[in-house]
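Undergrad: I need the structure of the sequence given here:
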Amino acid sequence: MRKINLTITGCMGRMGQQLIKSANKDKAVKISSLTENYLVNKKFIGVKPQKNSEIAFKNANVIVDFTVPKCTLEVLKIASKLKKRVVIGTTGFTKKEEDLIKKYSKKIPILKAGNMSVGINLLMYITEIASKSLGKKYLSKVFEIHHRHKKDHPSGTALMLGKGIALGRGKDLYKIIGKKYLNKKSFPYGKNINFNSIRKGEVVGEHEVKFSSGKEIITLNHEAFDRALYSEGALEAAKWLITKKPGLYSMRNLLNFK
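TA: Residues are numbered from 1 along each chain as shown. Take a look at the predicted model:
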């Protein structure tokens, strides 16, 4: 079987390093290039990092990007020109940036997910079902904990779960996002979806969705212990995306959740 050539962007980051480890163990993929936004004078698996460019992406079948929004958009601009597939694990995009990603997806296949874990994507699906079933009588909120190095809040995963709530209500997430709290011991429910983010230690990721009627509380949660969950999920996404036509896909498509 022919291996899939991968480019991993942001290779010196936490997820970049984890992707290199996972790709090195996966017999179906081969790292063709690595990129970083600064000069790196060392090699990983015999590959020296470059800056994002047409030359760096030339031999890739799929580009896997876990960086920051500005870098992701730079990657998409080049990938679109070269007709390369892109897996996006970057989070923290604005509505305008999300719209730009949709525009690029008309030219190339893109799989974008705030979290590549099977468990989290199943949780989002269950959240949508619960939201739809419980209806307007139940208020909801989302709580998450991540390591102290994570800059964006709420996390991309928390927003995915918020989207699950919104889809269940038949609403646009951006129209029903409530207050965004950081490092609060407790936070209220609201008519819109409130979020609370805790940043501490080296926590890989904990997420919780709560629904309350005032008479009962329903809690859905997920806890991640190993960052390999995300890198292995991203590699599965890359393998799946290789046969797809231009479009914007999610892990939900890969997992075939209806």
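Undergrad: for the rest of this, base every contact and every neighbour count on C-alpha atoms.
TA: Noted.
Undergrad: mind jotting down where the helices sit in the stretch 1-150 of the chain?
TA: 14-25, 54-57, 69-82, 95-104, 118-134 (DSSP state H, counting those that start in this stretch).
Undergrad: what does the longest one contact?
TA: Taking contacts as CA atoms under 8 Å, 6 or more residues apart in numbering, the residues outside helix 118-134 that touch it are 115, 157, 160-161, 163-169, 209, 220-222, 233, 251-252, 255, 257.
Undergrad: could I get the helices of the stretch 1-150 of the chain in JSON lines, plus columns for mean pLDDT?
TA: Output for those, formatted as JSON lines (pLDDT from 0 to 100):
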{"stretch": "helix 14-25", "mean pLDDT": "96"}
{"stretch": "helix 54-57", "mean pLDDT": "98"}
{"stretch": "helix 69-82", "mean pLDDT": "98"}
{"stretch": "helix 95-104", "mean pLDDT": "96"}
{"stretch": "helix 118-134", "mean pLDDT": "95"}
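Undergrad: may I see those helices arranged in TSV, with mean neighbour count and distance to residue 181 as well?
TA: TSV is the format used below for those (neighbours: other CA atoms under 10 Å; distance: least, CA to CA, whole Å):
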stretch	mean neighbour count	distance to residue 181
helix 14-25	18	25
helix 54-57	18	39
helix 69-82	18	22
helix 95-104	14	20
helix 118-134	19	21
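Undergrad: if we can go back for a sec, among the contacts of helix 118-134, name the ones in helices.
TA: If you go by DSSP state H, the contacts of helix 118-134 have 157, 160-161, 163-169, 233, 251-252, 255 in helices.
Undergrad: closest to residue 199 among these?
TA: Nearest to residue 199 among the ones in helices among the contacts of helix 118-134 is residue 157, at 14.2 Å by CA to CA.
Undergrad: mean confidence score for stretch 219-227?
TA: Taken as a whole, stretch 219-227 has a mean pLDDT of 94.
Undergrad: distance of residue 92 from residue 5?
TA: Here residue 92 is placed at a distance of 27 Å from residue 5 (CA to CA, to the nearest Å).
Undergrad: okay, which residue is most central for the protein?
TA: Taking CA atoms, centre = their mean, the centroid of the chain lies closest to residue 114, which sits 2.2 Å from it.
Undergrad: leaving out the residues flanking it, which one is nearest to that one?
TA: residue 156 (4.4 Å; CA to CA, 6 or more residues apart in numbering).
Undergrad: contacts only, for that neighbour.
TA: 91-92, 114-115.
Undergrad: quick check: the farthest pair among these?
TA: Between any two of the contacts of residue 156 (CA to CA), the greatest distance is 12.2 Å, for 92 and 115.
Undergrad: which one of the two has more residues nearby?
TA: A count of neighbours by other CA atoms under 10 Å puts residue 115 above the other of residue 92 and residue 115, at 25 against 17.
Undergrad: other residues contacting stretch 247-258?
TA: Identification of contacts with stretch 247-258 by CA under 8 Å, 6+ apart yields 102, 105-113, 116, 118, 121, 125, 237, 240.
Undergrad: select only the buried ones of these in ChimeraX?
TA: Buried residues within the contacts of stretch 247-258, by 16 or more other CA atoms under 10 Å, are selected in ChimeraX with:
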select :105,107,108,109,110,111,112,113,116,121,125,237
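Undergrad: for the contacts of stretch 247-258, which one is nearest residue 202?
TA: Nearest to residue 202 among those is residue 116, at 18.9 Å by CA to CA.
Undergrad: tell me the contacts of the closest one?
TA: Contact analysis of residue 116 by CA under 8 Å, 6+ apart lists 89, 229-231, 233-234, 251.
Undergrad: where does it fall, phi/psi-wise?
TA: Phi and psi for residue 116, reported as degrees, to the nearest 10, are phi -90, psi 0.
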